[in-house]
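In: Got a predicted structure plus its sequence, pasted below:
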Amino acid sequence: MAAFRVGHGYDVHVFCTGRELILGGVTIPYIKGLHGHSDADGVTHAVCDAILGAAGLRDIGCHFPDDDPRFEGINSLKLLARVIELITEKGYRVENVDVTVIAEKPKIQPHVPAMREKLGEILRRSGGPGEVNIKARTNEGLGPIGRGEGIECHAVVLLTREDG
């Protein structure tokens, strides 16, 4: 019998100048990037948090603290790879991930296939299909995200483990 675990992840970053915009491991051409200790890849951070939460392993900040110089500027796909190692050690595998990216600009949709591929490559290392769905939405001009001040990301994940 399989055990099913669901996790939700959330991340938000404000825009800043002088950085590349990276989402889902993909560099997206834009006049601003996101502020953060690592590469500020909100999509990957939300996916990490969803996976960690589903496995009962706390959150991304517990594993990769933002005051640790080892993680300054790090490619977040490396963090995701470590998260996959952690859940694999516990016998879990990623079945699927569903991500929602909320941003007024830039347009995210043209970059979704590349993000799905980058994330899927790492998620499949868990031994599961690692299917990735990414949706892009705006905030219809409402609040800080709607005013174009940053990007918000949500992720939901299903993990399984064969018990028996």
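Out: Structure received.

In: ok, longest strand in the chain?
Out: Criterion DSSP state E: the longest strand present in the chain is strand 2-16.

In: contacts for it?
Out: 32-36, 40, 42-43, 45-56, 60, 92, 144-145, 148-163 (C-beta atoms under 8 Å, 6 or more residues apart in numbering). Placement of C-beta: from N, CA and C, glycine included.

In: again with stretch 82-90
Out: Contacts of stretch 82-90 (C-beta under 8 Å, 6+ apart): 48, 51-52, 54-55, 57, 60, 63-64, 93-94, 122-123, 125-127, 159, 161.

In: same thing but 6 Å
Out: 48, 51, 55, 57, 125, 126 (C-beta atoms under 6 Å, 6 or more residues apart in numbering).

In: These, buried ones only, as a PyMOL selection?
Out: Buried residues among these (16 or more other C-beta atoms under 10 Å), as a PyMOL selection:
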select buried, resi 48+51+55+57+126
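
In: Closest one of the contacts of stretch 82-90 to residue 79?
Out: Set against residue 79, the nearest of the contacts of stretch 82-90 by C-beta to C-beta is residue 48 (5.8 Å).

In: What pLDDT does the model give that closest one?
Out: According to the prediction, residue 48 has pLDDT 98.
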